[in-house]
Every structure is written in structure tokens, then in C-alpha cells.
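>>> All I have is the shape, not the residue letters:
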Ligand code: PEP
Ligand code: MN
């Protein structure tokens, strides 16, 4: 996908010197709520786009699913009365057609739609060759190529003003966040397509109000181009995603506190110090790799023994014992249980794969 031309500087044209800020309620609930929120946001030049969901993809039936077409004139009014640009989610060709008819400026593809190439393609066909701005949320599952594929479908349909929204990835076990950020996936996207603006949606990642500021600062440090943040005049009474919405006043406070950090150290003393630490880190990394390779060799020796004695690769008790020892040792040196579990699961997985190669006569070069 050639993306040099795609940026067209659309986000700079809208936001100028600020990061692009898209704010507004999860759902357009009433005309009053939509207009009141928009007016409270519009008096700040650091907020340039108003968002509101008119068709709501709800995980379970029986919840408010949006007013649909009826809410589109409310957004027209937002544009006329405040000068903000307006953004809505579209999930099929019919939504796309209505969005074009009602002169919506920015269309976003939700996380439950970007997983579906059929839906993405029919939307792309409907808005083909228009100058609409299209923002593609990452699919709910952590699949970078599916995300890229959705972007490609719009690019091929002649949409030049593209962007992506990082809204985190769903997880089976409830963790610290509603959707795990998995920054590495978004950063891979950013590295491959540096000309496509990337926007953070901390609301759907956090699922709660108290970490939106922190999450946004991380994105700013990683040179994201903008934010989409759910904002409601009375968040606790919101008809959807109440826990994660913030008031326009709180949003402005967060923007004020966001700090544009320097990307590089400038002071020579600090540069010396950081080089000193980095050298030591490089040495330790070299040692870690050497130790890991030695550990894998031992695992391979065990694999050979298992093969001669016809014993299964996976030994649950032994695995439990390794993990418990590691967690205990980690605790003594202040390494978190979560971190140890991640590292040792990866090491264990690699050992199993190496042993299986031995047991099933696979060639190492097959891997
Ligand atoms: C939303 O932005 O309101 C929304 C439904 O988001 P997502 O597609 O990220 O779940
Ligand atoms: Mn929402």
C-alpha cells in the first residue's frame, strides 16, 4: 500500500498546532444533550471535532442501540451552531449513505466492524472517491494484518484522508483495563505507515475515568497525532459507557496537563549519563540472551531424554514448580508476579517448541 500521498495533512489542517482532539458523548441521547455538550467543548480551540454514536454496537441485546437516522440532524446543528467538525461511527453501507447525505465530516469504522472485511468493503464502495475523512479503529482482536487490511480497502477505494484509532484489544480475562492497549501492535502499525495519523481512544481502553490522563500522556510521548475521548455533560447518567465518560471541564483540565515531552535529551551531562546506563543495559541484554540460549540447550537435552524414554513433553507438575520458584524469587527482588508470569510463560513455550521439534523429528529450519 502506497501511503505517501494519503495523509494530505488533513489532521494538521483541522487541528493546527494542537494534537487533533475528537470529543463528545459515546451516544447521541437527546438533541439537548448533544448540543449542550458540543457548546461546552466548542469554546476551546484545542478541541476541534465533535463525536457521537448514532448507531451503537452493543455487546448484549436490550441496551440502548442509538437513535439512528433521527440523530443526524442534531449533528448538522452542532456544525452550524459551533463550527466543530462532526464524526460518527458507520457500520454498513446504509449508514455510510446516510452519513454522506447528512454531510458528516468524519466517519469512523468501529472495532466490531473492522474485523469484518465484507462490511468494510461495502462501506468503502459506498463512499468511494469522496474526500471524507475515514478513521479505522483497530479490530477487537489483536490482529495487525486485519487492521491494515481494512485501511487498504479504503485506500484502494480512493479515500485519501485516512487515519487509524487505537482503542485497545479485548481480552478473555478481565485485566487492569477494559481493553488491553497492547502498544506494540499500534507501534508496529505506526512504524509501517508513518504517514497515516494515529489517534488514541483512551476511553475504550481504560473503561473508567481515572486513567484517561495517564494513557493520553503515554500516547503523546509516543508521538500519536490525536485523541478521541468520550465526553458527556453528566457522565454518570450516560445511556452507554457511563463509567468511562468525562465532563467537558475535566477534558479541558486533562488537555492542559498533557505535557509535550522532548524526544531527545539535550543537556550534555544527561547525554553522558544515559549513554553510561545504556551501555550497561546492552551488556546485560547480551548476557540475558546467552543465558537463555544455555537454558534452551538444557531443555533440548531433556527433550532428547524424553524421546528415548518415550515421555510426554508437557509435564504439568514441573511447569508449576518452575513458575512458583520464579514468582517467589521475583518477589524478593521486587519483580511483579504478572511480569514473571509473562516472561516465564514465553520461555516455557519456546522450550516446549524446541522439545517438540526433537520428539517429532522436525527440522529446526522449519520453524
Ligand atoms: C465508540 O467509539 O463508541 C465505540 C463503540 O467504540 P469501539 O468500536 O472502539 O468499541
Ligand atoms: Mn463508547
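The structure has been received and is ready for your questions. Keep in mind that this is a model prediction, so the values were computed, not measured. Ligands and ions are numbered 1, 2, ... in the order given.
>>> Going by C-alpha atoms from here, please, whenever you check contacts or count neighbours.
Fine.
>>> Do a quick rundown of the strands in the stretch 201-350 of the chain.
Applying DSSP state E, counting those that start in this stretch to the stretch 201-350 of the chain gives strands spanning 226-230.
>>> Can you list phi and psi of the residue nearest the centre of the chain for me?
Centroid-nearest residue in the chain: residue 166, 2.7 Å away (criterion: CA atoms, centre = their mean). Dihedral angles of residue 166 (phi, psi; degrees, to the nearest 10) stand at phi -90, psi 110.
>>> so it makes contact with residue 138?
Yes. Residue 166 is in contact with residue 138 according to CA atoms under 8 Å; the separation is 5.7 Å.
>>> which bits of the stretch 151-300 of the chain sit near ligand 1?
Within reach of ligand 1 by CA under 6 Å from any ligand atom, the stretch 151-300 of the chain has these residues: 167, 204.
>>> residues near the residue of the stretch 151-300 of the chain found nearest ligand 1, how many?
As assessed by CA to the nearest ligand atom, ligand 1 sits closest to residue 167 within the stretch 151-300 of the chain, at 5.3 Å. Per other CA atoms under 10 Å, the neighbour tally for residue 167 reads 27.
>>> How about residue 253?
Neighbours of residue 253 under the rule other CA under 10 Å: 12.
>>> Next one: it from residue 46, what distance?
Relative to residue 46, residue 253 is positioned 11 Å away (CA to CA, to the nearest Å).
>>> and what of residue 67?
29 Å.
>>> What of residue 71?
As judged by CA to CA, residue 71 and residue 46 stand 25 Å apart.
>>> quick revisit: list the contacts for the residue of the stretch 151-300 of the chain closest to ligand 1?
Contact analysis of residue 167 by CA atoms under 8 Å, 6 or more residues apart in numbering lists 111, 137-138, 179, 181, 200-205.
>>> Next, the nearest residue to it once chain neighbours are set aside: phi, psi?
Spatial nearest neighbour of residue 167, chain neighbours left out: residue 201 (4.9 Å); criterion: CA to CA, 6 or more residues apart in numbering. Backbone torsions of residue 201, given as degrees, to the nearest 10, read phi -110, psi 90.
>>> And for residue 69?
Per degrees, to the nearest 10, the backbone of residue 69 is at phi -50, psi -40.
>>> Residue 212 touches residue 206, doesn't it?
Yes. The criterion here is CA under 8 Å, and residue 212 meets it with residue 206 at 6.6 Å.
>>> got the contact list for the residue nearest to the centre of the chain?
Here residue 166 is in contact with 137-138, 181, 186, 198-201 (CA under 8 Å, 6+ apart).
>>> So what pairs up with it in the strands?
Beta-bridge partners of residue 166, counted by DSSP bridges, are residue 200.
>>> ok, so what distance separates it from residue 343?
In this view, residue 166 and residue 343 are 25 Å apart by CA to CA.
>>> Could you tell me which of the contacts of residue 167 belong to helices?
Among the contacts of residue 167, the residues falling in helices (DSSP state H) are 202-205.
>>> how much space between residue 139 and ligand 1?
Distance, residue 139 to ligand 1, using CA to the nearest ligand atom, to the nearest Å: 8 Å.
>>> Hmm, residue 49 and residue 84 touching each other?
Yes. Look at residue 84 against residue 49 with CA under 8 Å: they come within range, at 5.3 Å.
>>> Just the mean pLDDT for whatever helix or strand residue 356 lives in, thanks.
Using DSSP states H and E, residue 356 sits in helix 337-359. Averaged over helix 337-359, pLDDT sits at 93.
>>> go on, stretch 127-137?
97.
>>> can you list contacts of that stretch?
10, 96-97, 100, 105-111, 114, 147, 150-151, 154, 157-167.
>>> Quick check on the residues you listed: which are buried?
10, 96, 100, 105-111, 114, 147, 150-151, 154, 157-167 (16 or more other CA atoms under 10 Å).
>>> Now go through the residues you listed and say which are in strands.
In this view, the buried ones among the contacts of stretch 127-137 that belong to strands under DSSP state E are 106-109, 161-166.
>>> could I get these as JSON lines with pLDDT?
Converted to JSON lines, these look like this (pLDDT from 0 to 100):
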{"residue": "106", "pLDDT": "98"}
{"residue": "107", "pLDDT": "98"}
{"residue": "108", "pLDDT": "98"}
{"residue": "109", "pLDDT": "98"}
{"residue": "161", "pLDDT": "95"}
{"residue": "162", "pLDDT": "96"}
{"residue": "163", "pLDDT": "97"}
{"residue": "164", "pLDDT": "98"}
{"residue": "165", "pLDDT": "98"}
{"residue": "166", "pLDDT": "98"}
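>>> Could you find the closest non-adjacent residue to the closest residue to ligand 1 within the stretch 1-150 of the chain?
Residue nearest to ligand 1 within the stretch 1-150 of the chain (CA to the nearest ligand atom): residue 110, separated by 3.4 Å. Of all residues not flanking residue 110 in the chain, residue 137 sits nearest, at 5.5 Å (CA to CA, 6+ apart).
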